[in-house]
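Colleague: sequence first, predicted coordinates after that:
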Amino acid sequence: MRAKLAPVPVVAGESVSGDRYRAWGMQYQALYRKYRPQRFDEVVGQDHATTTLAREVVEDKVAHAYLFTGPRGTGKTTTARLLAKSLNCPNRGDDGEPCNACPSCEGITDGTSLDVIELDAASHNKVEDVREIRVNVGTVAAAAGARRVYILDEAHMLSRAAGNALLKTLEEPPEHVVFVLATTEPYKLLDTIRSRAQRFDFHPVASETLISYLGEISDRESFTYDHAALGAVTAHAGGSVRDAMSLLEQVAALGAGSVTTAGVEQALGLADRESYRKLLEAITAEDAPAGLTLISEISRQGADLRRFVADAIAYLRGVFLAQYAPNIEDVVDAPSETIDEWRAAASTISSREVLRAIDELSDALLRVREGREERLVVELAVLRLTKPEVVEDVDALSARVAKLERQLRAVERHTPAEPSKQAERAAEPEDLEPDRPFVTPAAETSAPAPETAAPPEPEQQPPAPQPAAAEPAAATVTLSEFERIWPAVVATIRTDVGPRRHALLREASPVEIDGDTVVFEVAAHMHFHLEQLKADTALAEAISAAAADELGTPLSIRYRAADTPEAPEAEPERAPDKEDLVVASSDAADPTNTVLDILGGEVVADSSSE
C-alpha cells in the first residue's frame, strides 16, 4: 500500500495556501510538520504497523499498552497520535481511518485535546513524575465514551525506579486508558515493561519509496529537482522521513527552489561522487600523487574530510558487495544508479585491495574522531593505500605480491612464447640428399652414341656412399637444466596439487632425460608411492605444464623404481664334522707362558701362603 501525501489541514472558508497559518500567527511551517500524516494510509513505509492498528480499532481489540520502536523520523509519535485520533473519532470509517473533521480530530491535530497526553520521558523520568501519571490515570476522559491516550516519548530515558513504579499502572490501567511508549533504544527498557506492551518495530523507509515521496512533496511545493538529487538526499537521510524532508527543505532554500546534487553536496559539505571513483583509481594504479591531490582538492572545496572518509568506506562496501553478491539489489537498499556505479568499479579492483582499503580508512576514521589532525590522518591513510611498500605488514605485502602477479600475467598475455628448440629444429631445412657422383655439364648434355657403335665397356662406378645411420635425437633439455628449475616447479604446483600429492612428489627425484621425457625414480621399497604417482595423470600434467613454462619445451613424465644392487648371498658357516675335529697336542703352548711373553712379567711366589 503506497502512502499518500497528507493534505494541509484546513477549516471551512480557508484556502490551502497559507491563510490558516497566518491566522495562527505562524509565518512558516517546516515541511515535516506541514505534511505530517493525518491518516493511517499516509504514513510512509510502515504498512505492517498502521494496517494492524487500524484493524484492531475496527474490531475493538485495542491493547492496553503499545511499544513503538525504531530509528528516528520513521513515524512512531505520528502513529501514536493517529491511534488516539482513530479511537476518539465519532465518525470513524469502516477501515479505521479518522474523519479529521470532528472536534476530537481537530483537537488532536492542533495539539489541544485533553484526551491525548504527550510526555517526554527525558524530562519526566523520576518516580514523582510517574506518581503524577498514576493519579491522572484515574480521572475520566474529557468526552463521554472517549479514550485517554498517554504517549510517553523516549521511554528508554525512564530511570529504573520510575520504570518499576509504572509497572502496575501499565499492566492494569483503567479501561478507558491506553499507553503508547515510543523509543529508539528498546533494549534499555526493563524486560518487565517490554513484556506488558504490544510491540511494533518501525523500519527505515526504503530508498525508492522515500525518493517517490520526496518527489511528490517537491511537486506540491513547486521545487525543480532531478532523480539523482533526491537520491542523494535519501542516501544521507538514513531511512528517516523527517531527516529527508528537512534536508530537502534546506537544499531547496539554498538553490532558490531548485534541488540539485551539487546543492546537496554543498549543504552537507560532501565531496562529489567522482571523488570516490578517483580514489579507487589511485589505489588501483598505486598513484600516490593523484591520491594526495584528491585530498587537497576536497579540502580546498570545503568538504568535511571526516564525512568523506565515512562515505568512502560506504562506497567501498558497495564495491565489495558487488563483487560477491550477484543479487545486490536484495542485499542493500540503494538507488539503482548507485548500484550501477558499484558494479562498474568492482571490475577494476581486487577484493583483497578493497578489504585493505576499508580497514585502512576505518582506522583513519577512528583516529579522526579522536580529535587528531584530520587532513594529516587522511593523507597518511591514502599514502599507505597507494604505496604498500611503505607499510611493513601482512596486508601490504599481500598487496605487493598481488601487484607483481598482475604484472606477470600482463606480460604473459602480451609477450609471445619463445619457440622451443624442437620447433626451431623443425623450422630448419631438411637434410640434403646423399652426395652422388659429380657429373660435368658437358657429359650431361652430350648426345647418346649411335646404335651401330659398339657399346663401351661400363666403367667401374664407385659404390654410392650409404647414408649415415640416423643418430638418436639429442635431448632437448639436459638433466642439469631440469634439476636447476625443479625447485621452482615444485613451488609453483604446490598450491594446486594439494598436500597429499606434494608429499608423494617429494619421494621422487629426476634422474634421467630420455628424449623429451623426464624419468623420476622412487625408492624401491616405496611401492605404494610409485603406484600412486603412476596413476595420477593430473599431477603429471601439472608438472609438465610448469616445466614447460620454465624451459619453453614440453616434457612428459615417467616414473620408475630405483635399482638396488643385490649383494651376493654369503654361505652360512657350517659347524665342522666330528671327523674333522683334531685333538690338541700335549706340547701345546702353556697359557701362563704366553701371558708372560706378551706382558713381559715374571712369576712371584705368594708369601702369604707360607
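Modeller: Received the coordinates, thanks. Numbers count the residues shown, from 1 in each chain.
Colleague: CA atoms for contacts and neighbours, from now on please.
Modeller: Will do.
Colleague: so where do the strands sit in the stretch 1-150 of the chain?
Modeller: Assigned by DSSP state E, counting those that start in this stretch, the stretch 1-150 of the chain shows strands spanning 65-69, 116-120, 148-153.
Colleague: in its sheet, which strands sit next to the last one, and in what direction?
Modeller: Listed by DSSP bridges, the sheet partners of strand 148-153 and their directions read strand 116-120 (parallel), strand 177-183 (parallel).
Colleague: so F200: helix, strand or coil?
Modeller: Using DSSP: H, G, I helix; E, B strand; the rest coil, the structure places F200 in strand.
Colleague: for the closest residue to it other than its chain neighbours, report the pLDDT, please.
Modeller: Distances taken as CA to CA, 6 or more residues apart in numbering place F68 nearest to F200, at 5.0 Å, with adjacent residues excluded. In this model, F68 is scored at 93, pLDDT.
Colleague: what domains does the record give for this protein?
Modeller: With domains defined by automatic domain parsing, the chain comprises 37-203, 209-390, 479-560.
Colleague: just give me how far the last one sits from the chain centre.
Modeller: Right, domain 479-560. 37 Å (CA atoms, centre = their mean, to the nearest Å).
Colleague: first-to-last residue distance for it?
Modeller: 16 Å (CA to CA, to the nearest Å).
Colleague: stretch 213-230 now?
Modeller: End-to-end distance of stretch 213-230 (CA to CA): 10 Å.
Colleague: in the stretch 201-350 of the chain, where is pLDDT below threshold?
Modeller: For the stretch 201-350 of the chain, no stretch has pLDDT under 70.
Colleague: what do you get if the cut-off is 90, keeping everything else the same?
Modeller: 206-208, 221-239, 250, 252-277, 280-288, 291, 297-307, 311, 318, 320-350 (pLDDT under 90).
Colleague: which stretches of the stretch 251-400 of the chain form helices?
Modeller: 261-268, 273-285, 288-300, 305-324, 328-331, 336-346, 351-369, 374-386, 394-414 (DSSP state H, counting those that start in this stretch).
Colleague: could you export those as CSV, including mean neighbour count and distance to L248?
Modeller: Listed next are the helices of the stretch 251-400 of the chain as CSV, based on neighbours: other CA atoms under 10 Å; distance: least, CA to CA, whole Å:
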stretch, mean neighbour count, distance to L248
helix 261-268, 19, 8
helix 273-285, 18, 19
helix 288-300, 16, 23
helix 305-324, 20, 19
helix 328-331, 12, 25
helix 336-346, 17, 19
helix 351-369, 18, 27
helix 374-386, 20, 29
helix 394-414, 13, 42
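Colleague: any idea which of these gets closest to K34?
Modeller: helix 261-268 (21.8 Å; CA to CA).
Colleague: which helices and strands does that closest one pack with?
Modeller: Applying 3 or more CA pairs under 8 Å, 6 or more residues apart in numbering; DSSP states H and E, one finds that helix 261-268 contacts helix 227-235, helix 241-254.
Colleague: can I get those helices in JSON lines including distance to V44 and mean neighbour count?
Modeller: Formatted as JSON lines, the helices and strands packed on helix 261-268 follow (distance: least, CA to CA, whole Å; neighbours: other CA atoms under 10 Å):
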{"stretch": "helix 227-235", "distance to V44": "14", "mean neighbour count": "22"}
{"stretch": "helix 241-254", "distance to V44": "8", "mean neighbour count": "21"}
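Colleague: any idea how far E265 lies from F308?
Modeller: 11 Å.
Colleague: anything in contact with each of the two?
Modeller: Counting by CA atoms under 8 Å, 6 or more residues apart in numbering, the residues touching both E265 and F308 are A271.
Colleague: between the helices of the stretch 251-400 of the chain, which one is nearest to T192?
Modeller: helix 328-331 (34.9 Å).
Colleague: please identify which of the domains of the chain is closest to L408.
Modeller: Of all the domains of the chain, domain 479-560 comes closest under CA to CA, at 12.5 Å.
Colleague: same question for the closest one, mean pLDDT?
Modeller: 82.
Colleague: returning to that earlier point: what's near enough to touch the residue nearest to F200?
Modeller: 76, 180-183, 199-202.
Colleague: would you turn the residues you listed into a markdown table with distance to L533 and neighbour count?
Modeller: Formatted as a markdown table, the contacts of F68 follow (distance: CA to CA, whole Å; neighbours: other CA atoms under 10 Å):
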| residue | distance to L533 | neighbour count |
| --- | --- | --- |
| K76 | 71 | 27 |
| V180 | 76 | 28 |
| L181 | 73 | 27 |
| A182 | 71 | 26 |
| T183 | 69 | 23 |
| R199 | 67 | 18 |
| F200 | 66 | 19 |
| D201 | 63 | 17 |
| F202 | 64 | 21 |
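Colleague: nearest to D219, of these?
Modeller: K76 (25.9 Å).
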